[in-house]
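>>> model this:
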Amino acid sequence: MEKEAEGLDWEQTLFTTILHAGNARSAAREAVERAVAGEWEEAERLLKEADDEQVKAHQMEAKILHTEARGEQVPFSILLVHALDLVILAGIEIDNAKELLKLHRRVAALESEVRSDPDR
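Below is the predicted model:
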């Protein structure tokens with residue numbers, strides 16, 4: 001019975017990692033969509049949400065790494081690979097979203113400038 005409970009805890013750890021990393025990616029993508037629409041406050045709120053979810057995903061990843069560091073065998077599975085892969089992808093997606101928001105703000109400012117001075 002104890003082995004079964006350990007397995008459930010392990011799966012819960014992996015699924016929780018996947019959940020938070022997936023939420024981070026989704027929020028980052030939506031932030032870019034809001035920026036394209038010129039909804040800057042919502043875009044910033046979504047980026048914050050993405051960062052918060054990524055922190056939670058990293059905490060779960062750290063739990064996995066600490067298990068290995070304690071000398072305990074970490075069960076290898078496709079689920080483990082998927083969970084860790086999503087943490088990496090979420091980080092990349094958030095970084096890209098932050099850069100895209102900067103670019104969209106710049107483009108919006110330039111467009112505004114051109115509209116206000118068409119002879120420029």
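
>>> pull out the buried residues from the helix ranked longest in the chain.
Ranked by residue count, the top helix of the chain under DSSP state H comes out as helix 78-116. By neighbour count, and taking 16 or more other Cβ atoms under 10 Å as the criterion, the buried residues in helix 78-116 are 79-80, 83-84, 86-87, 90-91, 93-94, 97-98, 100-101, 104. (Glycine included, C-beta is placed from N, CA and C.)

>>> please state the offset of it from the chain centre?
Using Cα atoms, centre = their mean, to the nearest Å, the mean C-alpha position of helix 78-116 is found 10 Å from that of the whole chain.

>>> what angle separates the lowest-mean-pLDDT helix or strand in the chain from helix 78-116?
Confidence across the helices and strands of the chain bottoms out at helix 2-36, with a mean of 88, counting by mean pLDDT, DSSP states H and E. Our comparison of helix 2-36 with helix 78-116, counting by axes from the mean of the first three to the mean of the last three Cα atoms, to 10 degrees, yields an angle of 10 degrees.

>>> tell me the first helix or strand C-terminal of helix 2-36.
Moving toward the C-terminus from helix 2-36, the next helix or strand (DSSP states H and E) is helix 40-69.

>>> that following helix to helix 2-36, inter-axis angle?
Interaxial angle, helix 40-69 versus helix 2-36 (the same axes, to 10 degrees): 150 degrees.

>>> quick one: mean pLDDT over helix 40-69.
For helix 40-69, the mean per-residue pLDDT is 96.

>>> okay, buried residues for it please.
So for helix 40-69, counting by 16+ other Cβ under 10 Å, buried means 43, 46-47, 49-50, 53-54, 56-58, 60-61, 64.

>>> so how far is that helix from its chain's centroid?
Using Cα atoms, centre = their mean, the offset of helix 40-69 from its chain centre is 6 Å.

>>> now flag whichever of the buried residues of helix 40-69 is closest to residue 113.
Using Cβ to Cβ, residue 43 is the member of these that lies nearest residue 113, at 20.6 Å.

>>> assess the claim that that closest one and residue 34 are in contact.
Yes. A contact is recorded between residue 43 and residue 34 when judged using Cβ atoms under 8 Å, the distance being 4.0 Å.

>>> no more questions from me, cheers.
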